[in-house]
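Colleague: Any chance you can model this:
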Amino acid sequence: MSVSVLSRESQPVQQWQVHQWQVHKLRGEEVLLKAWSEPSPGRYVLTGHWPQGHDFYRPSQGAYDPLLLAESVRQTVPLLSHAVHAVPREYKQAWEHFRFSVDPLASLVTTVEEPVSLVVTCTDVVRRGTRFAGMTMDIEVCLGERLVGAAQTRFNNQPAAIYRRLRGSYADVEAALANCLPVGPPVDPHRVDRRSPDDVVLSPYPGGRPGRWMLRVDPAHPVLFDHAVDHVPGMLLLEAARQAAHAVGDGASAVTGMETDFIRYVELDAPAVVVAGDPVPDGAGRDRVHVSVEQHGVRVFTSEVTIEPASGL
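Modeller: I've put the predicted structure just below:
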């Protein structure tokens, strides 16, 4: 379904509805994007909403959870793959690099639910013959009329047959979930800015070594595992980086940015260690915390997390 809307230049622009399957969500309430248009080649405008009372991405210190921005970008990856590049449903998209920053003051929750818009510019589009293989997206995110933040991501796209060849036995979703390690105990939720232990993704490290935790993976989590996957979801890794930054920093701090590399898939059947360094001042009143995830002794994920004092909100 599509409708015509007017651009700022008063030219009609076709606007298309977002279908739930295009953003890879089974629960309709988890769909953040509602419509998209292409005002010029390679430039897209997506509209949607951020719920003020989300079960997992709850407002904190009066502002929307910054990972709502990250999840909005994540949904943009399959949406544009399917809707623009005609990628079949069974193809797999994977993050390579992702960074974002948010303005805490512009992210404050108001008394009304304001529309969210993402302006996406696509570059470095790669094709293998006629097949879409990946691209880079630069994104500006607005809440109402306010610029909330910006993001950039690079992702690849693989046909199901190639994905199965790359993943081997791990491509079997049912087997991967059946072999998932038992869910470990959570750390104190308040230490990682969480209310419920069910939403904690860090477990105590054996022996209590500072700056180290075991990754806590619960395939029954209704948001992080909205649908079955054969590996640890990217949004769970971002949440682990966020929680680790809270754990080593001031508990009252706010995460306002991340720069992340997804190096390898993080598997469900082996322990993964989350490692966080001490906060390092960046000279602009913020701290940066380096977080990594290691599995089988190899670094599989890294993120530079920016945190700011809550008093700045």
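
Colleague: hey, let's count contacts and neighbours off CA atoms from now on
Modeller: OK.

Colleague: what ranges do the strands span in the stretch 1-150 of the chain?
Modeller: Along the stretch 1-150 of the chain, the segments classed as strands by DSSP state E, counting those that start in this stretch run 2-6, 12-17, 33-40, 43-49, 92-102, 115-128, 131-143, 146-158.

Colleague: Quick check: which of those strands is nearest to V23?
Modeller: strand 33-40 (8.2 Å; Cα to Cα).

Colleague: Out of the strands of the stretch 1-150 of the chain, flag the one nearest P189.
Modeller: Across these, closest to P189 is strand 92-102 (Cα to Cα), at 23.6 Å.

Colleague: and that closest one, what does it pack onto?
Modeller: Contacts defined by 3 or more Cα pairs under 8 Å, 6 or more residues apart in numbering; DSSP states H and E place strand 92-102 against helix 66-83, strand 146-158, strand 254-262.

Colleague: Kindly recompute the last result at 7 Å.
Modeller: strand 146-158, strand 254-262 (3 or more Cα pairs under 7 Å, 6 or more residues apart in numbering; DSSP states H and E).

Colleague: okay, how far is it across stretch 191-208, tip to tip?
Modeller: End-to-end distance of stretch 191-208 (Cα to Cα, to the nearest Å): 15 Å.

Colleague: Make residue 1 into 21 and carry on from there
Modeller: Got it, the first residue is 21 from now on, which makes the last one we talked about stretch 211-228.

Colleague: Just the buried residues of it, please?
Modeller: For stretch 211-228, the buried set under the neighbour-count rule, 16 or more other Cα atoms under 10 Å, comprises 211-214, 219-225.

Colleague: just stretch 230-245 next, same as before
Modeller: Buried positions in stretch 230-245, judged by neighbour count with 16+ other Cα under 10 Å: 231-239, 243-245.

Colleague: Next: stretch 164-179.
Modeller: Within stretch 164-179, the residues scored as buried using 16+ other Cα under 10 Å are 167-179.

Colleague: Any chance of TSV for the residues you listed, columns distance to R185 and pLDDT?
Modeller: Output for the buried residues of stretch 164-179, formatted as TSV (distance: Cα to Cα, whole Å; pLDDT from 0 to 100):
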residue	distance to R185	pLDDT
L167	42	98
V168	40	97
G169	38	98
A170	35	98
A171	31	98
Q172	29	98
T173	25	98
R174	22	98
F175	19	98
N176	15	98
N177	14	98
Q178	10	97
P179	10	97
